[in-house]
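Colleague: quick one, what's the 3D model for this:
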Amino acid sequence: MNTRAAPVAPTILLVEDNADDEALTLRALDQHDLLERVAVARDGQQALARLLAPEVELPALVLLDLKLPKVEGLEVLRRLRAHARTRTLPVVILTSSQEATDVATGYAQGCNSYVRKPVGFREFVEVVRQLKTYWLALNTPPPVGKTGQLKG
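Modeller: Residues are numbered from 1 along each chain as shown. Below you'll find the predicted structure:
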């Protein structure tokens, strides 16, 4: 008899190419008992391959950096919103960019939120706590089936 539990699908996909920012984000997520529920894509191409693969369960939330190799973050967002499977997937841009054009383009392309990465670790942990509370506890996600299509 197999008593091993089935692997739990990631709750969060972190799309981050900077090793220091990845480590900081993972430490902050660990402070909120989410580390085991995080998958990491280190470039836009990896993120798209994972999110658009029909056999891979979608995460509850994508934390998307903008400055990525292979496929930039805003292009990842554009492609996600163009695909029926990921059209309503919550995507939070989590970046150090303070460019007004990045903010405007992010929202125009369909991000759900735009959050600038704080410099200090304590502030960063607080931002992660607020993201967790809102997106994983308070927010009611759209009713979607396995294909990502809206139900109802």
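Colleague: top helix in this structure by residue count?
Modeller: Secondary structure of the chain per DSSP state H: the longest helix is helix 19-31.
Colleague: and that one, what does it pack against?
Modeller: strand 12-15, strand 38-41, helix 121-131 (3 or more Cβ pairs under 8 Å, 6 or more residues apart in numbering; DSSP states H and E). For every residue, glycine as well, the C-beta is placed using N, CA and C.
Colleague: right, so of these, which gets closest to Ala28?
Modeller: helix 121-131 (4.0 Å; Cβ to Cβ).
Colleague: what's near enough to touch Asn112?
Modeller: Pro90, Val91, Val92 (Cβ atoms under 8 Å, 6 or more residues apart in numbering).
Colleague: in strands, which of the residues you listed fall?
Modeller: Val91, Val92 (DSSP state E).
Colleague: so for the chain, the centremost residue is which one?
Modeller: By Cα atoms, centre = their mean, the chain has its centre lying nearest to Val62, at 1.3 Å.
Colleague: then that residue would be within a helix, right?
Modeller: No - counting by DSSP: H, G, I helix; E, B strand; the rest coil, Val62 is not found in a helix; it is strand.
Colleague: for it, give me the pLDDT.
Modeller: Looking at Val62, its pLDDT is 97.
Colleague: and His83, how far from Arg50?
Modeller: 13 Å (Cβ to Cβ, to the nearest Å).
Colleague: so between the two, which is more surrounded?
Modeller: Using other Cβ atoms under 10 Å as the criterion, His83 and Arg50 rank with Arg50 on top: 18 against 14.
Colleague: OK, contacts around the more buried one?
Modeller: With Cβ under 8 Å, 6+ apart, Arg50 has these contacts: Leu13, Ala39, Ala41, Val56.
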